[in-house]
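Engineer: Predicted model follows, preceded by the sequence.
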Amino acid sequence: MKEILRKARLRLLKMHFESGVGHIGGNLSALDMMLTLHHRVMNSEDDFVLSKGHAAGALYVTLWSLGRLSEEQLATFHKDGTKLGGHPVPQGIPGVSFAVGSLGHGLGLAAGLALGKKLRGRPGRVFCLLSDGEWNEGSTWESLIFLAHHNLREVILLVDLNGLQGFGSTAEVANLGSLTRKLSEFGIEVREVDGHDTDALERALKAPATDRPVALVARTIKGHGVSFMENKMEWHYLPLTAAQYALAVEEATRL
Amino acid sequence: MRESFTQALLLHAQDPDFVFLTGDVGFMALEPLRDAAKERFINAGIAEQNMVSVAAGLARAGLRPWVYSIAPFVYARAFEQIRNDVCMHDLPVVLVGNGGGYAYGVMGPTHHALEDYGALLGLPNLTAYVPAFAEDVAQAVACMMAAAKPAYLRLGRDERPESFVLPAYAPWRQVVSGLHATVVVVGPLAGGILAAVQALPESRRPSLWILSELPIRQEEIPAEFNADVARSGHLVVVEEHVAQGSAGASLVHALLRAGITLPRRFTHRFACGYPSGHYGSQLYHRQESGLDPASIVRLVTP
């Protein structure tokens, strides 16, 4: 697993460096979760819905690490004529169910997908990865109320709690206090976990089912693994210079 | 029209793919459907954005969701969910807006739908259905079921003249063959105008056409319609919708693109909003915009 993580992180950095694209911070905070989920937890009956669409790079790299995206496909990231946009596009890649990017859509989509599978008598869970900033969106709360009310235990939420959003920290912009407490109040079983500890993530995801929907609230570090990016809001946007890339590769190789 | 809609959907209620979501409306109307569809009838609460996303998820799982509320709560509140989750993915979700145009009358402008199809038709893959009469609804529902595409169904109030024998549902229908202007009416507004036209002596009647599906597809415009416009030299489009994004604008666009010689005269009657700043029944608002039968008759009779 460590080797998978290391390779994926390096590939993600390369991809963002070569394309000159930002959003690397929020990709690095979510990458370990996506890799753990796809390599160690999900089976063929399960679905994954990315709600924080700006972590598209981490999703592409995860699919690449599973052999579901080729090196050639990955090389088209963010280029003209690509199917790998800065946010997942519709009818893009097999297995990526939805175009996302506008926040506050994924949880409702996941709830509908899970309910649909249930109504059709099909097994399988739906894992939905959300950012912490997207709890500013009213629609996310609408979806939470819906899935708690319908007790859609097939939906498992993973919240990437990196503490930074578009133009400030989550505490500065719209302080929610404890998301754990709020989700619990809505009838969700919350499991707090270190979002970069793959063993802990796996344990939390595989812990026995309860009678309520489960959310992992994962403490993460925006820009995880690259010292000069960690917990820095600007890495929501900045592309890497050659020197920064070299340093990032050195650090990510050691990790 | 709402009752016909419930009856039409009841025919599909046992289909394992059928699923119905309401935004907490439908009291005294949807109960039979609720009882028939059981766990596939979902009151999604007063949360339309989530309701549309859930519908997209259900469609992705292979189901055929219908999403119902008062028109603006469906198309305006949840516009981005319709755009991204439904239309971009070309998923077979039908949005049902009850109370097209000014149908909610004195309930006020928050409940009116004056820009619904104009707003939605800019989105990919979507067709808007505007049945004119209660009898049309079952056939429109069948069309939407067969199409399996994103759709918007605008429901209104049936005003069919009692004696009138309705031709089968179609996107374009000619209901009066007259000697004067060529009048195209969108949806239920046609009922009252039809009655008023029928009351005229034959020598003073215009031709009357009903349009029930949008966008206007050039290849669907009947040759008889083009011939009728050429004959009359006066095209009149009447709709309970604002001019922006209207059927009138898109019809002229379609005729121009098809290279059809335009008539000498074009008159467009559309919803003008609330010009007096006062509110009333659907008829009151239609009168303010010159959409009521008497105004249309004055306009088109010699």
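Structural biologist: Received, thanks. None of these values were measured; they are calculated from a predicted model. Numbering: from 1, shown residues only, chains lettered A, B, ... in the order given.
Engineer: contacts, neighbours, all on C-alpha from now
Structural biologist: OK.
Engineer: domain ranges for chain B?
Structural biologist: Using automatic domain parsing, the domain ranges for chain B come out as B:2-155, B:172-300.
Engineer: how far is the last one from where the chain is centred?
Structural biologist: It refers to domain B:172-300. 14 Å (CA atoms, centre = their mean, to the nearest Å).
Engineer: cool, and stretch B:97-108?
Structural biologist: Taking the mean of its C-alpha atoms, stretch B:97-108 sits 13 Å from the chain's own mean (CA atoms, centre = their mean).
Engineer: buried sites along that stretch?
Structural biologist: B:97-106 (16 or more other CA atoms under 10 Å in any protein chain shown).
Engineer: Just the residues contacting that stretch, thanks.
Structural biologist: B:2, B:68-75, B:109, B:111-114, B:116, B:152-157, B:240-241, B:271, B:279-283, B:285-286 (CA atoms under 8 Å, 6 or more residues apart in numbering or on different chains).
Engineer: Out of those, which sit inside strands?
Structural biologist: Judged by DSSP state E, the contacts of stretch B:97-108 include B:68-70, B:152-155 as members of strands.
Engineer: Tell me which two of these sit farthest apart.
Structural biologist: Spatially, the most separated pair among these is B:Ile70 and B:Tyr152, at 12.4 Å (CA to CA).
Engineer: near chain B, which residues of the stretch 51-200 of chain A show up?
Structural biologist: Within the stretch 51-200 of chain A, the positions near chain B by CA under 8 Å from any CA of the partner chain are A:90-91, A:97-100, A:105-106, A:108-117, A:119-120, A:139-140, A:142-143, A:146.
Engineer: rewinding a little: among the contacts of stretch B:97-108, name the buried ones.
Structural biologist: Here, 16+ other CA under 10 Å leaves B:2, B:68-75, B:109, B:111-114, B:116, B:152-157, B:240-241, B:271, B:282, B:285-286 buried among those.
Engineer: what number of residues lie near the residue nearest to B:Gln14 when sequence neighbours are not counted?
Structural biologist: Once flanking residues are discounted, B:Gln14 sits nearest to B:Ala37: 6.4 Å by CA to CA, 6 or more residues apart in numbering or on different chains. Here the count is done by other CA atoms under 10 Å in any protein chain shown, and B:Ala37 has 21 residues near it.
Engineer: With A:His196 instead?
Structural biologist: Neighbours of A:His196 under the rule other CA under 10 Å: 21.
Engineer: Against chain A, how distant is B:Thr127?
Structural biologist: Distance of B:Thr127 to chain A, computed by CA to the nearest CA, to the nearest Å: 19 Å.
Engineer: What's opposite that residue in the beta bridge?
Structural biologist: Bridge pairing for B:Thr127 (DSSP bridges) gives the partners B:Ala151.
Engineer: Give the full set of residues in contact with it.
Structural biologist: Shown in contact with B:Thr127 (CA under 8 Å, 6+ apart): B:121, B:149-152, B:213-215.
Engineer: Same question for A:Lys222.
Structural biologist: Contacts of A:Lys222 by CA under 8 Å, 6+ apart are A:25-29, A:162-164, A:229-233.
Engineer: circling back: quick one: which of the buried residues of stretch B:97-108 is nearest to chain A?
Structural biologist: B:Gly97 (20.3 Å; CA to the nearest CA).
Engineer: Can you say which helix or strand has that closest one in it?
Structural biologist: Per DSSP states H and E, B:Gly97 falls inside strand B:94-98.
Engineer: try A:Leu158
Structural biologist: Per DSSP H and E: strand A:155-161 holds A:Leu158.
Engineer: for B:Leu299, same thing?
Structural biologist: Assigned by DSSP H and E, B:Leu299 belongs to helix B:293-300.
Engineer: related to what we said a few turns ago, the strand holding B:Gly97 pairs with which strands?
Structural biologist: Short version: by DSSP bridges, strand B:94-98 pairs with strand B:64-70 (parallel), strand B:151-155 (parallel).
Engineer: want to throw those strands into TSV with distance to B:Val197 and mean pLDDT?
Structural biologist: Formatted as TSV, these follow (distance: least, CA to CA, whole Å; pLDDT from 0 to 100):
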stretch	distance to B:Val197	mean pLDDT
strand B:64-70	31	98
strand B:151-155	23	98
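Engineer: What about the closest residue to B:Pro65 other than its chain neighbours, how many residues nearby?
Structural biologist: Excluding the flanking residues, the one nearest B:Pro65 by CA to CA, 6+ apart is B:Val19, at 4.8 Å. Neighbour count for B:Val19, taken as other CA under 10 Å: 26.
Engineer: Just to be sure, B:Val19 is in a helix?
Structural biologist: No - using DSSP: H, G, I helix; E, B strand; the rest coil, the secondary structure at B:Val19 is strand, not a helix.
Engineer: In this structure it contacts B:Phe41, no?
Structural biologist: Yes - with contact defined as CA atoms under 8 Å, B:Val19 and B:Phe41 form a contacting pair (6.0 Å).
Engineer: which residues of chain B fall in helices?
Structural biologist: B:2-10, B:31-37, B:48-60, B:71-75, B:79-80, B:116-120, B:134-147, B:190-198, B:223-232, B:247-257, B:282-288, B:293-300 (DSSP state H).
Engineer: Go through those helices and pick out the most buried.
Structural biologist: Highest mean neighbour count among the helices of chain B (mean count of other CA atoms under 10 Å in any protein chain shown): helix B:48-60, with a mean of 31.
Engineer: Can it be said to contact chain A?
Structural biologist: Yes - counting by CA under 8 Å from any CA, chain A has neighbours in helix B:48-60: B:49-51, B:53-60.
Engineer: Could you find the closest non-adjacent residue to the most centrally placed residue in chain B?
Structural biologist: In chain B, the centroid-proximal residue (CA atoms, centre = their mean) is B:Val130; its distance is 2.1 Å. In this structure, B:Val130 finds its nearest non-sequential neighbour in B:Ser212, 4.6 Å apart by CA to CA, 6+ apart.
Engineer: Kindly report the same for B:Gln282.
Structural biologist: Counting by CA to CA, 6+ apart, the nearest residue to B:Gln282 once its immediate chain neighbours are dropped is B:Gly105, at 4.4 Å.
Engineer: any idea how far that neighbour is from B:Val96?
Structural biologist: Computed as CA to CA, to the nearest Å, the B:Gly105 to B:Val96 distance reads 19 Å.
Engineer: hang on, isn't B:Arg264 packed against B:His234?
Structural biologist: Yes - using CA under 8 Å, B:Arg264 is in contact with B:His234, at 6.2 Å.
Engineer: what bridges to B:Arg173?
Structural biologist: B:Ile210.
Engineer: Kindly state the pLDDT recorded for it?
Structural biologist: Among the per-residue scores, B:Arg173 shows a pLDDT of 98.
Engineer: circling back: pLDDT at the residue nearest to B:Gln14, what is it?
Structural biologist: Looking at B:Ala37, its pLDDT reads 97.
Engineer: residues in contact with the residue in the stretch 101-250 of chain B that chain A sits nearest to?
Structural biologist: As assessed by CA to the nearest CA, chain A sits closest to B:Pro124 within the stretch 101-250 of chain B, at 11.9 Å. If you count contacts by CA under 8 Å, 6+ apart, B:Pro124 has them with B:83, B:87-88, B:90.
Engineer: Let's see that with 6 Å instead.
Structural biologist: Each residue near B:Pro124 by CA atoms under 6 Å, 6 or more residues apart in numbering or on different chains is listed here: B:Cys87.
Engineer: What strand or helix carries A:Thr36?
Structural biologist: Counting by DSSP H and E, A:Thr36 is part of helix A:24-36.
Engineer: quick one: the first helix or strand past that helix going along the chain near chain B?
Structural biologist: Of the helices and strands lying after helix A:24-36 in sequence (DSSP H and E), the nearest is strand A:47-50. No - Strand A:47-50 is not in contact with chain B by CA under 6 Å from any CA of the partner chain; minimum separation 10.1 Å.
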